[in-house]
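Visitor: Build me a structure from this.
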Amino acid sequence: RVNPVLSTIATVGYRYEDADDEEGTQINQAEGDLGLIYQPNDDLSLTFGVGYADRDESVNIDGVETTDNNSGVSLRALGSYETEELDYDFTARYTTAAPSARFSGDFRVSYEALRSRITGRVFQEYGLGSEGDDRRLTGAGVTYSYEVNQISALAFDVTYANSASADDESDDFEDPDRRQLDFAAQYNRNFTDVVAGTIGYRMTQYQEDPTDAISHEVFLRIGRSFVTGF
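Guide: Just a heads-up that it's a prediction; the model follows:
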């Protein structure tokens, strides 16, 4: 903490993706940044960071592995603002550590009632497709959560997204090659102050010419949180 409204922050991250395709496409990405947190009051918080990222994309063709490396600057921003009726949150990331410069992030607006909360969001993100192609996913969604009691809650989410090649700079809302609709329902429970669990169901419908597909998933997660001091 530099002063009552300004703090410094250091962030590091690592991401690994495996398409499990015939060419064994994998992506390894590491990054770190230094930034500032500006929080003039309890309702407003802004964070900005500048750093460096390194990205390796490897494929294995006929037993020969090749790797494309991209590295460059990484800029990060996030913020939140609370009013009596609505909460606003956003995250944004810009990096040149990719075959072409990329912008990703999301913007969320939430309305909170006595025991429930509804959140709308728009987003753009990048990821590795199941066929080993780099994809750009752009979409919108709505989440509704209901607090059953002090230790458990229900959540429902509907998300629609368009998917296009990450190398395609055109507007993927106008001409996407894939469309995706997701529905999820889950039950969350806090077993102790540090141990929590989730059980849920997710349905995903893919629309891609010439065929469509539907997948179903049942998931169970148990986690424990850790807090340390320096």
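Visitor: where's residue 131, which helix or strand?
Guide: Of the helices and strands defined by DSSP states H and E, none includes residue 131.
Visitor: Excluding residues flanking it in the chain, which one is nearest it?
Guide: Of all residues not flanking residue 131 in the chain, residue 21 sits nearest, at 5.6 Å (CB to CB, 6 or more residues apart in numbering). No exception for glycine: its C-beta is placed from N, CA and C like everyone else's.
Visitor: Now for that neighbour: which residues touch it?
Guide: Residue 21 makes contact with 130, 131, 132, according to CB atoms under 8 Å, 6 or more residues apart in numbering.
Visitor: Could you report the distance from the first one to residue 7?
Guide: Using CB to CB, to the nearest Å, one obtains 41 Å as the distance from residue 130 to residue 7.
Visitor: who has more neighbours, those two?
Guide: residue 7 (14 against 10; other CB atoms under 10 Å).
Visitor: got a pLDDT number for the nearest residue to residue 9 once chain neighbours are set aside?
Guide: Nearest residue to residue 9 in three dimensions, chain neighbours excluded: residue 35, at 5.0 Å (CB to CB, 6+ apart). Confidence at residue 35, expressed as pLDDT, is 97.
Visitor: Number of residues surrounding residue 35?
Guide: 18.
Visitor: wouldn't it be in contact with residue 7 here?
Guide: No. Residue 35 lies out of contact with residue 7 (CB atoms under 8 Å); the separation is 9.4 Å.
Visitor: Quick check: bridge partners of the most centrally placed residue in the chain?
Guide: Central residue of the chain (CA atoms, centre = their mean): residue 125, 6.8 Å from the mean position. Per DSSP bridges, the residues bridged to residue 125 are residue 137.
Visitor: Can you show me the strands along the chain?
Guide: 6-18, 26-38, 44-61, 64-82, 86-95, 102-112, 116-128, 134-147, 152-165, 178-190, 195-208, 211-224 (DSSP state E).
Visitor: Kindly export the third one (C-alpha atoms) in CSV.
Guide: This file holds the C-alpha atoms of strand 44-61, laid out as CSV (Å, rounded to 0.1, in the frame of the first residue of the first chain):
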residue,chain,number,x,y,z
LEU,A,44,-14.9,2.1,-6.7
SER,A,45,-11.8,0.0,-7.6
LEU,A,46,-9.5,0.2,-10.6
THR,A,47,-6.4,-1.9,-11.4
PHE,A,48,-3.9,-1.4,-14.2
GLY,A,49,-0.9,-3.6,-15.0
VAL,A,50,1.9,-3.7,-17.6
GLY,A,51,4.0,-6.8,-18.2
TYR,A,52,5.4,-9.4,-20.5
ALA,A,53,4.0,-12.6,-21.9
ASP,A,54,5.5,-15.6,-23.7
ARG,A,55,3.5,-18.1,-25.8
ASP,A,56,4.5,-21.4,-27.4
GLU,A,57,2.2,-23.3,-29.7
SER,A,58,3.5,-26.8,-30.7
VAL,A,59,2.3,-29.5,-33.1
ASN,A,60,3.6,-33.0,-33.9
ILE,A,61,3.3,-34.1,-37.5
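Visitor: That'll do, ta.
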